[in-house]
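Engineer: sequence and predicted structure below; questions after.
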Protein chains: 2
Amino acid sequence: MPKIVNHDDRREKIARATWQVILDKGMEGATVRNIAKEAGLSLGALRYYFKSQDELLVYAMELVKNRATKRITAVSKKELPPKEMAIEILMEIVPTNAQTRAEMEVWLAFVTYMKPRKHAKLHINDDILQGMEKIMQYLSATGNLRAELDVSIETERLYAFIDGLALHALLHPEHLSPEQIRKTITYHIDQICIF
Amino acid sequence: MPKIVNHDDRREKIARATWQVILDKGMEGATVRNIAKEAGLSLGALRYYFKSQDELLVYAMELVKNRATKRITAVSKKELPPKEMAIEILMEIVPTNAQTRAEMEVWLAFVTYMKPRKHAKLHINDDILQGMEKIMQYLSATGNLRAELDVSIETERLYAFIDGLALHALLHPEHLSPEQIRKTITYHIDQICIF
DNA sequence: ACCTTTTTGGTACAACTGTATTATTAAATC
DNA sequence: GATTTAATAATACAGTTGTACCAAAAAGGT
């Protein structure tokens, strides 16, 4: 059993370099050579940590997913009133800063890249949908949700609303400031809650 | 002034072949050779109609935009009650059939492809935003909109909601049937309108 | 018939792609 | 210190890319 010093750290560093290259040059620019150059490694070194390009891309995307999941669960751990809690979690999904914007940009590039390639299925959105269900359930259980609403459709509506907002924040960041995003999300929550 | 028989028709045919290739193999597969093969032309012939690949891609995307615009304006010409009119127009934006799904898939692939390439700006979303503004304005002018609502934020909300729904319909067509899409859209319109 | 212009197919080329292979260095284990 | 393994670098290769070029064909006008 050989002692491996920092194998996983290196893979993560390479994944980070991959994100940067995708941000700079798009999915087409995510070549093994560009990634190796960004990571400061040789082709051979890169190939040692990832046997193929596909393995590298999949790993990099799973890391994106894990990061987002971690951020969201961290927020959900905080002690907040139901409505504020919902708003904070939703704000964590919509890209508002360079960090989260980069994450979603990479994710979107990867999704459209993988779309015509059947074999690899993506389950990222399922997690977000589950999050929406949890939020609606939470608001309902704490008595904040207006009683006459259809929870099932409202979940779908919130899901679409948030992802659309995220898409717009990504494609037109100059037209949708973080303050406007928060205002719009708060508005929606207020509309489906009592008061 | 030489008589050109069907120059524009050929360019449109090539653009259509480009869409098909993007649908089949993604943006990475949209090579001049693949497109020429799909269109049944030689490399030289293709190059005669489009001096560069960029010119071809831009032309193909403008055609997508024109098609969508035409479909929507055609619906808006119909004589319908305000709420039904709004629903029909919104249904035209969300991809519900193979045709419109293909259009949006190509558009999304193109947008993410062009994102890191600064020079070319896309104005497609501006048109959709203007459409949302028109719908809200129309609902408001005909007295269907609930009075206490903030029209500005409601427009942004509708905009995000529809684009999110469109994104979901594209990425998870099995989870969002046309009937469900119509039901969700109708629900949203009902929520912001009187009755 | 001739000539001009449009349209096409074929080929060539330099650059880039993912992957494979090799030799060499650094590190760990005995 | 010896030896085994991890890690790196360099190079090679076959395939694909966008673009350029050119000769042949088709079409149109005179």
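Structural biologist: All right, it came through fine.

Engineer: in the host helix or strand of A:Q130, which residues are buried?
Structural biologist: If you go by DSSP states H and E, A:Q130 is part of helix A:124-141. Neighbour counts over helix A:124-141 (16 or more other C-beta atoms under 10 Å in any protein chain shown) mark A:124-125, A:128-129, A:131-133, A:135-136, A:138-140 as buried. (C-beta placed from N, C-alpha, C; glycine too.)

Engineer: dump those into a markdown table; add distance to chain B and pLDDT as well.
Structural biologist: A markdown table is the format used below for these (distance: C-beta to the nearest C-beta, whole Å; pLDDT from 0 to 100):
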| residue | distance to chain B | pLDDT |
| --- | --- | --- |
| A:I124 | 10 | 56 |
| A:N125 | 7 | 66 |
| A:I128 | 10 | 91 |
| A:L129 | 9 | 93 |
| A:G131 | 14 | 93 |
| A:M132 | 11 | 96 |
| A:E133 | 13 | 96 |
| A:I135 | 15 | 96 |
| A:M136 | 14 | 97 |
| A:Y138 | 21 | 96 |
| A:L139 | 16 | 96 |
| A:S140 | 17 | 96 |
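
Engineer: and these, which is closest to B:A166?
Structural biologist: When the buried residues of helix A:124-141 are ranked by distance to B:A166 (C-beta to C-beta), A:N125 comes first, at 13.8 Å.

Engineer: got a list of what the closest residue to chain B within chain A touches?
Structural biologist: Nearest residue of chain A to chain B (C-beta to the nearest C-beta) works out as A:G164 at 2.9 Å. Neighbour list for A:G164: B:159-167 [criterion: C-beta atoms under 8 Å, 6 or more residues apart in numbering or on different chains].

Engineer: okay, the angle between the lengthiest helix in chain A and helix A:124-141?
Structural biologist: Criterion DSSP state H: the longest helix present in chain A is helix A:53-77. Angle between the axes of helix A:53-77 and helix A:124-141 is 10 degrees (criterion: axes from the mean of the first three to the mean of the last three C-alpha atoms, to 10 degrees).

Engineer: residues making contact with helix A:53-77?
Structural biologist: By C-beta under 8 Å, 6+ apart, helix A:53-77 touches A:11-12, A:14-15, A:18-19, A:30, A:32, A:35, A:46, A:50, A:85, A:88-89, A:92-93, A:100, A:103, A:106-107, A:110, A:120, A:122, A:124, A:127, A:131.

Engineer: buried subset of the residues you listed?
Structural biologist: If we count by 16+ other C-beta under 10 Å, the contacts of helix A:53-77 have these buried: A:11, A:14-15, A:18-19, A:30, A:35, A:46, A:50, A:85, A:88-89, A:92-93, A:100, A:103, A:106-107, A:110, A:122, A:124, A:131.

Engineer: so which of those reach DNA strand C?
Structural biologist: A:A30 (C-beta under 7 Å from any atom of the strand).

Engineer: show me the buried ones among the contacts of helix A:53-77 that map onto strands.
Structural biologist: Among the buried ones among the contacts of helix A:53-77, no member falls in strands (DSSP state E).

Engineer: which ones among the buried ones among the contacts of helix A:53-77 map onto helices?
Structural biologist: Within these, residues falling in helices by DSSP H are A:11, A:14-15, A:18-19, A:35, A:46, A:85, A:88-89, A:92-93, A:100, A:103, A:106-107, A:110, A:124, A:131.
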